[in-house]
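pasting the sequence and the predicted coordinates here, then a few questions.
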Amino acid sequence: MKLIIDTDPGVDDAMAILYAAAAPEIDLLGLTTVFGNVTVETATRNALRLVEMAGLKIPVARGAKGSMQIPMMTPSAHVHGAEGFGDVPAAEPEGNAIDEQAAEYLVRMARQHRNELVVCAIGPITNVAQAIQLDPDFATNVKKIVLMGGAVFVPGNITPVAEANTYHDPHALNIVLASGADVILVGLDVTMKILCTADDFRDLEHHAPEFGGFLRRASHFYLDFYRTVVGIEGCGLHDPAAVIACTHPELFAIETHRIEVVEDGAEKGRTLVCQGQQGFPAGVCVGGNMDQIKARFMEISRTNP
């Protein structure tokens, strides 16, 4: 599968990208970066670090520094740490982002790989919405858009009703939903049912000392947030689950619903199921074989160096 990951790394972004780098069924063509867990500048630096860590020769295209219509947000340093990888210090990559902006890169790659390219957005979906505005054919050129986002039938994680990625750019998600693209939401309805614990990160370090050791060190801060703020032992398998849904949708229970995102007010970012002809059709992951999804993440991640 030809895949581009749109990302704001982020501990779970790192988990997803390193998983994708090792998965034999994924042809990872490139990364695009966006604001979210960190600033777009830090996201781009972190994406370049991950590409180099994985030994990949793929481009990184810098994208949106803020949402389409709402004020600039403050990155979630209390969740992922000031530099995005928990307590792991910042480090400068050897390479640089390409000159092409993320939306332009997405448009070009969708044309080049028409009906083959899958875009997996694991941060706010601003870059993808901008690609649609840049080229209306983008929505039909891509095979599928899979996003980590939404809380359709469960509570949110940034407000009582909203998941963080949809909250940070609800207007962008409505543009994507309205585009006619094949869209799948991998949201909190499933990702909080799959937890990675400290023992899981120790297991990854044992089998994959370099990548697994990095993830274990990065996870300390992240797991502490889940323990002290959320009240659970383990972090949700958010972004890796979205990547796995790209290649193994059969592991998920996916229902088609008409979805619309609340764009302002107290329920901003809420992913609503609409009746009649309101909203836009999308696949919503509502369940699945959680044990197999986690087992696949662990099995593939163990094969990393």
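Received, thanks.

for the chain, what spans make up the strands?
Along the chain, the segments classed as strands by DSSP state E run 2-7, 27-33, 60-62, 117-121, 144-148, 183-186, 195-196, 235-236, 252-261, 271-273, 280-288.

export those to a markdown table and append columns for mean pLDDT.
Shown next, in a markdown table, are these (pLDDT from 0 to 100):
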| stretch | mean pLDDT |
| --- | --- |
| strand 2-7 | 98 |
| strand 27-33 | 98 |
| strand 60-62 | 98 |
| strand 117-121 | 99 |
| strand 144-148 | 98 |
| strand 183-186 | 98 |
| strand 195-196 | 98 |
| strand 235-236 | 97 |
| strand 252-261 | 98 |
| strand 271-273 | 97 |
| strand 280-288 | 98 |
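
adding mean neighbour count and distance to Leu177, write those strands out as CSV.
In short, each C-beta sits where N, CA and C put it, glycine included. Shown next, in CSV, are these (neighbours: other Cβ atoms under 10 Å; distance: least, Cβ to Cβ, whole Å):
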stretch, mean neighbour count, distance to Leu177
strand 2-7, 26, 16
strand 27-33, 24, 19
strand 60-62, 26, 23
strand 117-121, 27, 12
strand 144-148, 27, 10
strand 183-186, 27, 6
strand 195-196, 21, 29
strand 235-236, 24, 23
strand 252-261, 18, 6
strand 271-273, 20, 9
strand 280-288, 20, 4
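
verify the stated contact: Glu210 with Arg216.
No. Using Cβ atoms under 8 Å, Glu210 is not in contact with Arg216; the gap is 11.0 Å.

neighbour count winner among those two?
Neighbours were counted for Glu210 and for Arg216 using other Cβ atoms under 10 Å; Arg216 has more, 21 against 13.

from Glu92, how far off is the more buried one?
Separation of Arg216 from Glu92 (Cβ to Cβ, to the nearest Å) stands at 23 Å.

swap in Glu41?
According to Cβ to Cβ, Glu41 stands 12 Å off from Glu92.

pick out whichever of the two has more residues nearby.
Remark: of Glu41 and Glu92, Glu41 carries more neighbours, 13 against 8, as counted by other Cβ under 10 Å.

next up, the contacts around the more buried one.
Applying Cβ atoms under 8 Å, 6 or more residues apart in numbering to Glu41 gives the contacts Lys65.

now do Pro59
Residues in contact with Pro59, defined by Cβ under 8 Å, 6+ apart, are 30-31, 97-98, 100, 105.

taking these together, which two end up most distant?
Using Cβ to Cβ, the contacts of Pro59 span at most 12.6 Å, a distance reached by Leu31 and Glu100.
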